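[1] Need coordinates for the following:
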Amino acid sequence: MATCSIDNDAVDEINDPGAAPYGNFINYYTFNPPENRLSLIPATLLQDLGYGDGHQTTLVLDVGCNSGELSVAFYKHLVEEPVCEEESQSSKVNLLGFDLDEILIQRAQQTNPLPNSISFIPLDIIKDTHQLQKYLSQHDSSHFHLCLCLAVTMWVHLNHGDSGLLQLLSRLASISQHLLLEAQPWKCYRSAARRLRKLGRSDFEHFKTLKIRGDVAEHAREHLERHCGMELIRSFGSTAWDRKLLLFKRR
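    As a prediction, this is how the structure comes out:
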C-alpha cells in the first residue's frame with residue numbers, strides 16, 4: 001500500500017528521519033531505494049529526448065540529491081558503459097547533484113564511484129543559483145538538458161510557502177530543457193507535520209497558511225505550463241509511494 005509514513009523500526013534505525021524539517025533524511029535510500037523510481041524510467045530516456053548524439057556533453061541536474069545514491073543509480077541506469085575511449089568522449093554525460101545538507105553532500109562526495117562524470121555540491125537553490133550558472137558556464141551551456149526534481153517540492157513548500165514552491169519551479173524551468181518532476185501529494189504534507197508534532201518539534205511555519213493544496217502535482221503542472229514556457233510531454237506513472245513522475249519540456 002502506498003504510504004508517506006516511516007515505520008517505527010526504520011525511525012529508530014535512521015535517527016528519527018521525521019525530525020528532518022528540510023527532507024534531509026539520514027540514510028533516505030534505505031527506505032526509498034532508487035529502484036522505486038528507476039523501474040518506471042526507460043533506460044533509453046536520454047536518447048528518446050534526443051541527447052547523446054555525440055555533438056555535445058549532456059548535462060543532468062539532480063535537485064536535493066541527499067547522499068547521492070539515486071544520482072549514481074540514475075546515471076548508471078541511463079548511460080551505457082563506453083566500449084572505447086573515443087565513444088566515452090563523444091557521448092559524454094555529466095551529472096551535478098546538490099543538497100542543502102553539507103554532511104549528506106560530504107557523504108556523496110566520499111562514496112562517488114564516478115568522479116569524472118558526477119559531481120556533488122552543497123547548495124540551497126532558494127538562496128543561491130550562482131553555482132549552477134557557474135557550472136553551466138564551465139560546460140559552455142545555457143541550460144541543463146535534464147533536471148531531476150524528485151520528492152523535493154514539499155520541503156520547499158513547507159519551509160518557504162506558496163511563493164517558495166513557485167519560485168523553485170520557475171528557477172528550474174529557466175535553466176532546464178527537460179524537467180522530471182515528482183511532487184509529493186498532500187497526504188505527505190499531513191504526515192510530515194504529524195511526525196514533527198509527535199517528536200515535540202515546532203510545526204512547519206507555513207503549513208497552516210498554504211493556499212496551494214490538494215493535487216500539488218497538478219498545481220505544479222499548471223504553473224510550469226502557464227508561466228514557465230514548459231509543457232507536460234509524458235507521465236511515467238506513479239511510484240510505490242503513489243507519486244507521479246511527470247516529464248516536462250521547454251516549448
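[2] So, low pLDDT: which residues of this structure?
    Applying pLDDT under 70 to the chain flags the ranges 1-19, 53-55, 81-91.
[3] same thing but at 90, please
    Applying pLDDT under 90 to the chain picks out residues 1-32, 52-56, 80-91, 128, 194-203, 205, 240-242.
[4] Three-state assignment for the residue nearest to the spatial centre of it, please.
    The central residue of the chain, meaning the one whose C-alpha is nearest the mean C-alpha position (CA atoms, centre = their mean), is C149 at 2.8 Å. For C149, the secondary structure call by DSSP: H, G, I helix; E, B strand; the rest coil comes out as strand.
[5] Not including adjacent chain positions, what is the nearest residue to it?
    Computed as CB to CB, 6 or more residues apart in numbering, the closest residue to C149 that is not its neighbour in sequence is V63, at 4.5 Å. Placement of C-beta: from N, CA and C, glycine included.
[6] wait, that neighbour sits on L172?
    Yes. With contact defined as CB atoms under 8 Å, V63 and L172 form a contacting pair (6.8 Å).
[7] Helix or strand: which one has S71?
    With elements taken from DSSP states H and E, the one containing S71 is helix 69-78.
[8] May I have that helix as CSV, with CA atoms only?
    Taking C-alpha atoms only, helix 69-78 is exported to CSV below (Å, rounded to 0.1, in the frame of the first residue of the first chain):
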residue,chain,number,x,y,z
GLU,A,69,22.7,7.1,-4.2
LEU,A,70,19.9,7.9,-6.6
SER,A,71,22.2,10.3,-8.6
VAL,A,72,24.7,7.5,-9.2
ALA,A,73,22.0,4.8,-9.9
PHE,A,74,20.2,7.2,-12.3
TYR,A,75,23.4,7.9,-14.2
LYS,A,76,24.2,4.1,-14.5
HIS,A,77,20.6,3.4,-15.5
LEU,A,78,20.7,5.9,-18.4
